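Asks: Got a predicted model here, sequence first, then my questions.
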Amino acid sequence: MNSQQQQLNELMSRPDINQVVASYTDMREKLAQQLTTEFGIGSWQNLHDGRESGCANEFPNVDRYDVVRRNLDRLSSRQTLSSEQWAKAVEVISNLANSYGFTRTGPRVDKPPSHYLTVLDQYGAELFVGTEQQTVISVTTGCHLTPDAKTRGTTRTSTPRQ
């Protein structure tokens, strides 16, 4: 995927960043709700630590202001899952994640009391759930076009987004 047009075509086949953030935020919220329902994990705190970065390494021929990756705000609870609960939690996490297109298992750790699971989607997004001293849910998107770039359908020469 070397040419600018090939890279742009790949990105055009994906939802724009706002669409994917809305979908993944919904997934994150539903997952927190399911962990609360199934295991009593509650008092979720939104850490408001989301950030955005570029995708120059993955799509070097597309204008850097047209394609982005976002880390959604993490959700955290001081409550944890026990080692006995973890196997069922992996099933709950995987089933919900699969319904949002997260079908590939990434890194996983099962060393009590530490348990971590990463699930990936077709665009390189990562859903991470971990429990040790707290339970954390985080989501990082893959690379997606901004809504303006997706509407435009072409790349531009580098000028900052407004």
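Replies: Ah, there it is.

Asks: tell me which residues in stretch 96-103 are buried?
Replies: For stretch 96-103, the neighbour count (16 or more other CB atoms under 10 Å) marks Leu96, Ala97, Tyr100, Gly101, Phe102 as buried. From N, CA and C alone the C-beta is placed, and that goes for glycine too.

Asks: Mind checking which of these land in strands?
Replies: Judged by DSSP state E, the subset of the buried residues of stretch 96-103 located in strands is Phe102.

Asks: okay if I get the buried residues of stretch 96-103 as TSV plus distance to Asp121 and pLDDT?
Replies: TSV is the format used below for the buried residues of stretch 96-103 (distance: CB to CB, whole Å; pLDDT from 0 to 100):
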residue	distance to Asp121	pLDDT
Leu96	13	98
Ala97	8	98
Tyr100	7	98
Gly101	5	97
Phe102	5	98
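
Asks: so Lys30, which of the three states?
Replies: What DSSP: H, G, I helix; E, B strand; the rest coil gives for Lys30 is helix.

Asks: can you check Ser53 too?
Replies: Relying on three-state DSSP, one would call Ser53 strand.

Asks: Show me what it is bridged to.
Replies: Note on Ser53: beta-bridge partners Arg69, judged by DSSP bridges.

Asks: Tell me who's in contact with it.
Replies: Val68, Arg69, Arg70, Asn71 (CB atoms under 8 Å, 6 or more residues apart in numbering).

Asks: Test for you: state the pLDDT assigned to Leu152.
Replies: Let me fix one detail, which is that residue 152 is Arg and not Leu. Predicted confidence (pLDDT) for Arg152: 89.

Asks: For it, give its distance to Val68.
Replies: To Val68, Arg152 is 15 Å away according to CB to CB, to the nearest Å.

Asks: Compare these two (neighbour count), which wins?
Replies: Using other CB atoms under 10 Å, the more surrounded residue of Arg152 and Val68 is Val68, with 20 against 12.
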